[in-house]
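**Student:** generate coordinates for the sequence data below:
(one chain, ligands or ions: 1)
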Amino acid sequence: MDSPQPGLESPRAACPVARPVALVTGAGGRVGRAIAVELAAAGARVVVHYARSEEGARETARLARAAGGEAVLAHADLATAAGCAALAALTAEVCAEARAEGGGLSALVHNASRFAPAPLDALTPEAWAEMLQVNLTAPYLLTRALLPALRAARGLVLTLCDISAERPLRGYAHYTASKAGLVGLTRALAVELAPDVRCLGVSPGQVAWPPDMPAEERERLARRIPLGRGGAPEDVARLARFLWREAPYMTGAVIPVDGGLSCRY
Ligand SMILES: NC(=O)c1ccc[n+]([C@@H]2O[C@H](COP(=O)([O-])OP(=O)(O)OC[C@H]3O[C@@H](n4cnc5c(N)ncnc54)[C@H](OP(=O)(O)O)[C@@H]3O)[C@@H](O)[C@H]2O)c1
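**Tutor:** Residues are numbered from 1 along each chain as shown. Sure, this is the predicted structure:
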């Protein structure tokens, strides 16, 4: 992956109204976009992070504003520690400008993720390291760097896990290990950061198909889902909004959104 200079889209203007700030990583499309728009509809000023999907991120920002929120674009490569540090610094700056909650960060949504198959005999140390960096180390680095802002707002850390953390997909050992680690990180931080900061996870099943998956394969997989169909990014986004705004007594839970798939053997 290239290592672009992280940065916000334009010189920062003061937020006209005080709003809670939410950072959504990987918000240039699919699940990240749905979460960003849902949180914006609930009143957030959303930092719409992207790596490669600049056009997608601009569309997310447009949709977030149309939903009644504010949006700021932020570009960073989370495969590098420098990219994580830069995104955290930019987010802290947006929090300070938003004037809400004492300059705090109300929601930190770790959505960005790598997902690629690699049977073990073809899994290189480089591919392993990049998967762990983006899916697990970046959430740790961002959360640590943004801890003062999260504490100031008594904010929520929300991780996007995967039901396959417990029921692995064949040929995805590095992805499975990264998501299982993310479940552990979510629970560990829930214990360590309470009572100031809540930490919750969402484990999607099939909520956004890989774009190149043939229709017959989608239908075959959908038949295994007790509810008989795949879900949608909005199914995850609605839960994210609920966990952010309506669940002050919840921390440490990792909740499946999978149409019942994780109940099956
Ligand atoms: N889709 C599902 O059905 C499903 C099922 C189970 C779990 N999940 C989890 O739910 C979350 C969202 O799923 P999704 O399918 O919408 O995800 P996705 O499209 O596969 O990826 C989300 C974003 O991650 C970003 N990303 C990848 N590498 C990056 C890097 N090096 N630096 C910064 N950003 C990077 C990409 O941003 P750019 O495009 O800007 O490069 C991408 O848009 C993920 O955590 C995924 O593991 C999804």
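
**Student:** so which residues on the protein come close to the ligand?
**Tutor:** Residues of the chain found near the ligand (CB under 6 Å from any ligand atom) are 1, 26, 28-32, 50-53, 77-79, 111-115, 134, 160, 162, 204, 206-208. For glycine as for every other residue, the C-beta is placed from the backbone atoms N, C-alpha and C.

**Student:** those residues, buried ones only, as a ChimeraX selection?
**Tutor:** Selection of the buried residues among the residues of the chain next to the ligand in ChimeraX, burial being defined by 16 or more other CB atoms under 10 Å:
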select :26,28,29,30,31,32,50,51,53,77,78,79,111,112,113,114,134,160,162,204,206,207,208
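
**Student:** among the residues of the chain next to the ligand, which ones are in strands?
**Tutor:** 50, 160, 204 (DSSP state E).

**Student:** could I get the average pLDDT for stretch 66-76?
**Tutor:** The pLDDT scores in stretch 66-76 average 97.

**Student:** revised request: answer the last question for stretch 79-91.
**Tutor:** What stretch 79-91 shows for mean pLDDT is 98.

**Student:** buried residues in that stretch?
**Tutor:** Buried-residue list, stretch 79-91, by 16+ other CB under 10 Å: 79-80, 83-84, 86-88, 90-91.

**Student:** same question, stretch 186-201
**Tutor:** In stretch 186-201, counting by 16+ other CB under 10 Å, buried: 186-187, 189-190, 193, 197-201.

**Student:** could you dump these to JSON lines with secondary structure and pLDDT?
**Tutor:** Formatted as JSON lines, these follow (DSSP: H, G, I helix; E, B strand; the rest coil; pLDDT from 0 to 100):
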{"residue": "T186", "secondary structure": "helix", "pLDDT": "99"}
{"residue": "R187", "secondary structure": "helix", "pLDDT": "98"}
{"residue": "L189", "secondary structure": "helix", "pLDDT": "98"}
{"residue": "A190", "secondary structure": "helix", "pLDDT": "98"}
{"residue": "L193", "secondary structure": "helix", "pLDDT": "98"}
{"residue": "V197", "secondary structure": "coil", "pLDDT": "98"}
{"residue": "R198", "secondary structure": "strand", "pLDDT": "98"}
{"residue": "C199", "secondary structure": "strand", "pLDDT": "98"}
{"residue": "L200", "secondary structure": "strand", "pLDDT": "99"}
{"residue": "G201", "secondary structure": "strand", "pLDDT": "98"}
